[in-house]
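Undergrad: Build me a model from this:
(one chain, ligands or ions: 1)
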Amino acid sequence: MPIYTHDRQFHLQGQDISYIIRVLENGQLEHTYFGKKVTDRASFTGLAPFPNEPLGNANFPLKESGFTLEWARQEYPSYGTSDFREPAIEIVEKQGTRLSHFVYHRHQIIKGKPSLDGMPAVYGEKEECETLQITLRDPIMGAELDLLYTVFHQRNVVLRRSEIRNNGTDSFSIDRLMSASIDLPDHNYESIQLDGAWIRERHLHRSALKPGVHVLDSKKGVSSSWHNPFVALARPHATEHEGEVIGLNLIYSGNYRASVEVDTYDTTRLMIGLNPFDFKWTLEPGKTFSTPEAVLVYSDQGLNKMSHSFHSLYNEYLIRGVWQHKERPVLLNNWEATYFDFDHDKVTSIAASASELGVELFVLDDGWFEGRNDDTTSLGDWTADKKKLPKGLEGLSDEVRDRQIQFGIWVEPEMVSEESNLYRQHPDWILRAPHRPHTPGRNQMVLNLGKRDVQDYLIEVIGNVLKDSTASYVKWDMNRTLTEVFSDELPANRQGEVMHRYILGLYRVLEEITSAFPHVLFESCASGGNRFDPGMLYYMPQTWTSDNTDAVERLKIQYGTSLVYPVSSMGAHVSASPNHQTGRVTPIEFRFHSAIFGAFGYELDPEEMDDVTREKVSEQISLFKKERKLLQFGEFYRLISPFEGNDTAWMIVSHDQSEALVAFYRVLSQPNAGMKRIRLCGLNPDKIYEIEWQEGSSMIHRQYGGDELMNIGWQIPPFFTGTVKTEQTHFYGDFQSALWKFKEMK
Ligand code: DGJ
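TA: Just a heads-up that it's a prediction; the model follows:
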């Protein structure tokens, strides 16, 4: 039984976690506890903070002297009485006041998890999870607020969201309605966040909490690469393997806000939800508004365990459809091979050459539609350019498939170029403030996906592209942020709805298209990783992690991304050397070893490879296919962080612990380097594992106990010492890497 209730106390239990809520004296909710599992008790009253000196301000006129929200740990705080920290809810009443007082009204426990209409959310069956719905009420406003909490019996996560109903007779406006907020009893944490920019996405930053409010957000209309909609609070001593960590992620693809507030009494408030900035939603009588869903994870064994909770939840209960557990094809994308400069013959010969190497899917990127020879024109006109592709998409895709390789295609449906038929026909379909100049972004404008007509048009036209090309894969791109946001469909006082309506419209389009083409593999992209979030993963099981294909840079980007998102969700490609983003020259082995920890593929012209490289690539692809299931769906462990030095290591273990792949990367050569031993993770201590590797012309076989490898460690074979290079020399020069397979001995 994962949810216990006693009088006015609620205790949610997951596999190793407890989440406790109580009703406070004034009817608001107390956040009593979130952390390692505790046995249920009839009363957790003793966990409440001891009141300090009675304060001079706004005490509630209740029996117990000194009761104030100023130091109460709250579950869903509001502004206007005695709490001056960040509120979770801000409603503007018709009188213009920002006051609300939502108090406990009723609750119910639901088997399973109610669905969230129109937005992505975790799903769960009746036997797997339970949902607590607490309804609060503000009688003056005539509004009801549902707080929903789902807990899975066998997981360490709590899913939270809120829903408000206007049962009164007047409209009110919602200026803020967060998905989740918790108050922790101390501030002895460091915050961990994933920040970056284009081609530098999701770099890990960690810093001690300080008094005041620390905010991560997006105002860009996408979840954005500036800060992923994720934050973790880790105890200062917590590592990848040990210590307490709380992780918080939002299943949403647009403007969000996450905040960590340390107050004057050294307690911490953690919150996430829609960004209140530029948000104002009018709720008319009888209407309901729902927030996106937040995912709260608790780990008592460091960051790896937190990541496992996210990975496994997203793999099992967020990503859907035929590709959910299916091995992803090895693809080759022509973007870095040709950019806009290709034609039918070039495409078919790249596809043929890729197919000979063992590649399974050819993806035609940007530039295939009418008049699109650079990025200044044609977005919106989704018919094949007859000059480049005289046989159309149909003829092209047939001929590609004749080369024994599947066909996939790139689209950027949310955008329109000024120089396009679509814009000429529907200048009113874009997001722009007509009385103001419009800021260009990659020479394109954003369609107003809040409009039903625009949504219907996209569903039809992109559906036609898929039918004509019979594509088995789609790369759904989105290459600019939202500026001068305005909708001519809404009155002046409702312009604060536009950003969220855009995302709701996008979700409707994605739901329709992905359900109409259930066998197509969809990959989301936004100039690389500008919209890498769980909202997009709900519709599309993988995301193009970054436009940066440099293998060294990818170590950081993939390491950071793996904090929250599973390996199978990260598009990762081997590209040409010198790399197009950094100019760096790296060996093909290093590029391969970095890209295989992802949805693997190539981003280069295979016809430009010399014979030796082709031979190696073909062998690498065979090796990848052999290990694909393990690589994409095993349990991923980070071992050495690229953010802390010259080396990186990670590994992946099968769920039955019978096999594992360990990868080690040394970026720059070190003269006369010291020895290196890494402790492996996730193996069975009682099993014996065999490893074999090539040394010169001989094959070396060794056996180790799982306990040896985890407690004593795996010794990296010697590095080049700076004197004689022999056949046995490993790690010679810069950008060296190795991949070892450990297999249980039967
Ligand atoms: C941005 C993407 O991230 C690239 O991979 C490529 O598809 C270009 N857009 C095409 O314009």
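Undergrad: rest of the way, CA atoms for contacts and neighbours
TA: Noted.
Undergrad: tell me the helices in the protein, going along the chain?
TA: 302-317, 335-338, 344-357, 392-402, 421-425, 452-469, 498-516, 534-539, 551-561, 588-595, 611-633, 706-707 (DSSP state H).
Undergrad: Turn these into JSON lines, columns for distance to the ligand.
TA: Shown next, in JSON lines, are the helices of the chain (distance: least, C-alpha to the nearest ligand atom, whole Å):
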{"stretch": "helix 302-317", "distance to the ligand": "23"}
{"stretch": "helix 335-338", "distance to the ligand": "6"}
{"stretch": "helix 344-357", "distance to the ligand": "16"}
{"stretch": "helix 392-402", "distance to the ligand": "18"}
{"stretch": "helix 421-425", "distance to the ligand": "18"}
{"stretch": "helix 452-469", "distance to the ligand": "16"}
{"stretch": "helix 498-516", "distance to the ligand": "18"}
{"stretch": "helix 534-539", "distance to the ligand": "15"}
{"stretch": "helix 551-561", "distance to the ligand": "14"}
{"stretch": "helix 588-595", "distance to the ligand": "15"}
{"stretch": "helix 611-633", "distance to the ligand": "21"}
{"stretch": "helix 706-707", "distance to the ligand": "41"}
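Undergrad: Go through those helices and pick out the most buried.
TA: Scoring those by mean neighbour count under mean count of other C-alpha atoms under 10 Å gives helix 534-539 as the most buried, with a mean of 26.
Undergrad: Find the closest residue to the ligand in the stretch 1-150 of the chain.
TA: Residue nearest to the ligand within the stretch 1-150 of the chain: residue 120 (23.1 Å; C-alpha to the nearest ligand atom).
Undergrad: Test my guess that that residue contacts residue 511.
TA: No. With contact defined as C-alpha atoms under 8 Å, residue 120 does not reach residue 511; the gap is 9.3 Å.
Undergrad: Show me the protein divided up by domain.
TA: The record, using automatic domain parsing to delimit domains, assigns the chain the ranges 3-317, 331-551+570-620, 647-744.
Undergrad: Let's have these in TSV, adding mean pLDDT.
TA: Listed next are these as TSV, based on pLDDT from 0 to 100:
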stretch	mean pLDDT
domain 3-317	94
domain 331-551+570-620	97
domain 647-744	92
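Undergrad: The ones you listed into CSV, with extra columns for distance to residue 562?
TA: Converted to CSV, these look like this (distance: least, C-alpha to C-alpha, whole Å):
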stretch, distance to residue 562
domain 3-317, 7
domain 331-551+570-620, 9
domain 647-744, 11
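Undergrad: For residue 323, find the nearest of those domains.
TA: domain 331-551+570-620 (6.6 Å; C-alpha to C-alpha).
Undergrad: Please compute how far the closest one lies from its chain's middle.
TA: 19 Å (C-alpha atoms, centre = their mean, to the nearest Å).
Undergrad: just to revisit the earlier point, quick one: common contacting residues for residue 120 and residue 511?
TA: residue 539 (C-alpha atoms under 8 Å, 6 or more residues apart in numbering).
Undergrad: now residue 98, nearest residue through space, not along the chain?
TA: Distances taken as C-alpha to C-alpha, 6 or more residues apart in numbering place residue 92 nearest to residue 98, at 4.7 Å, with adjacent residues excluded.
Undergrad: what about that neighbour, neighbour count?
TA: Counted by other C-alpha atoms under 10 Å, the residues lying close to residue 92 total 18.
Undergrad: and it, what does it touch?
TA: Contacts of residue 92 (C-alpha under 8 Å, 6+ apart): 98, 99, 172, 173, 174, 175.
Undergrad: Residue 431 too?
TA: Counting by C-alpha under 8 Å, 6+ apart, residue 431 makes contact with 445, 446, 447, 448, 482, 483, 484, 485, 486, 487.
Undergrad: which of those residues tops the neighbour count?
TA: residue 448 (30 neighbours).
Undergrad: what about that one, distance to the ligand?
TA: Using C-alpha to the nearest ligand atom, to the nearest Å, residue 448 is found at 20 Å from the ligand.
Undergrad: Do I have it right that that residue meets residue 504?
TA: No. Judged on C-alpha under 8 Å, residue 448 makes no contact with residue 504 at a distance of 11.2 Å.
Undergrad: Roughly how far does the residue of the stretch 1-150 of the chain closest to the ligand sit from residue 539?
TA: Note on residue 120: its distance to residue 539, by C-alpha to C-alpha, to the nearest Å, is 8 Å.
Undergrad: Quick check, central residue of the protein?
TA: In the chain, the centroid-proximal residue (C-alpha atoms, centre = their mean) is residue 533; its distance is 3.0 Å.
Undergrad: and that residue, how far is that from the ligand?
TA: In terms of C-alpha to the nearest ligand atom, residue 533 sits 15 Å off from the ligand.
Undergrad: ok, residue 439 - how many residues close by?
TA: If we define neighbours as other C-alpha under 10 Å, then residue 439 has 12 of them.
Undergrad: ok, it - contacts?
TA: 483, 484.
Undergrad: quick one, phi psi at the closest residue to the ligand within the stretch 251-400 of the chain?
TA: Per C-alpha to the nearest ligand atom, residue 366 is where the stretch 251-400 of the chain lies closest to the ligand, at 4.7 Å. In terms of degrees, to the nearest 10, the main-chain angles of residue 366 are phi -50, psi 150.
Undergrad: And the one 4 residues further on, by the same measure?
TA: Its backbone dihedrals place residue 370 at phi -40, psi 110, with angles given as degrees, to the nearest 10.
Undergrad: ok, it touching residue 386?
TA: Yes. Between residue 370 and residue 386 there is a contact under C-alpha under 8 Å: 7.1 Å.
Undergrad: neighbour count winner among those two?
TA: More crowded of residue 370 and residue 386, by other C-alpha under 10 Å: residue 370, with 21 against 16.
Undergrad: which residues does that one contact?
TA: Going by C-alpha under 8 Å, 6+ apart, residue 370 touches 378, 381, 382, 383, 384, 385, 386.
Undergrad: now do 6 Å
TA: Contacts here follow C-alpha atoms under 6 Å, 6 or more residues apart in numbering; on that basis residue 370 touches 384, 385.
Undergrad: which parts of this protein sit against the ligand?
TA: Residues of the chain found near the ligand (C-alpha under 6 Å from any ligand atom) are 335, 365, 366, 525, 526, 527, 528, 547.
Undergrad: Number of residues surrounding the fifth one?
TA: Residue 526 is surrounded by 25 other residues when neighbours are defined as other C-alpha under 10 Å.
Undergrad: can you tell me which residues contact it?
TA: 477, 478, 479.
Undergrad: before we move on, back to that, can you tell me, leaving aside adjacent residues, what's nearest to the residue of the stretch 251-400 of the chain closest to the ligand?
TA: Residue 366 sits nearest to residue 410 (C-alpha to C-alpha, 6+ apart), 5.9 Å away.
Undergrad: got a list of what residue 443 touches?
TA: residue 376.
Undergrad: gap between it and the ligand?
TA: 11 Å.
Undergrad: and if you look at residue 167?
TA: 46 Å.
Undergrad: what number of residues lie near that residue?
TA: Using other C-alpha under 10 Å, residue 167 has 19 other residues around it.
Undergrad: so it touches residue 142, yeah?
TA: Yes. Under the criterion of C-alpha atoms under 6 Å, residue 167 makes contact with residue 142 at 5.2 Å.
Undergrad: and which of the contacts of residue 431 is nearest residue 566?
TA: residue 482 (28.0 Å).
Undergrad: Who's the closest spatial neighbour of that closest one, skipping the chain neighbours?
TA: Distances taken as C-alpha to C-alpha, 6+ apart place residue 221 nearest to residue 482, at 5.2 Å, with adjacent residues excluded.
Undergrad: which phi and psi does the one you found have?
TA: Per-residue torsions, residue 221: phi 90, psi -10 (degrees, to the nearest 10).
Undergrad: Scan the chain for its longest strand.
TA: strand 172-184 (DSSP state E).
Undergrad: by contact count, what packs against that strand?
TA: strand 89-92, strand 157-166, strand 268-274, strand 281-283 (3 or more C-alpha pairs under 6 Å, 6 or more residues apart in numbering; DSSP states H and E).
Undergrad: if we can go back for a sec, let's have the contacts of residue 431 in JSON lines, adding distance to residue 614.
TA: Compiled in JSON lines, the contacts of residue 431 are given as follows (distance: C-alpha to C-alpha, whole Å):
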{"residue": "445", "distance to residue 614": "41"}
{"residue": "446", "distance to residue 614": "41"}
{"residue": "447", "distance to residue 614": "43"}
{"residue": "448", "distance to residue 614": "46"}
{"residue": "482", "distance to residue 614": "43"}
{"residue": "483", "distance to residue 614": "45"}
{"residue": "484", "distance to residue 614": "49"}
{"residue": "485", "distance to residue 614": "49"}
{"residue": "486", "distance to residue 614": "52"}
{"residue": "487", "distance to residue 614": "52"}
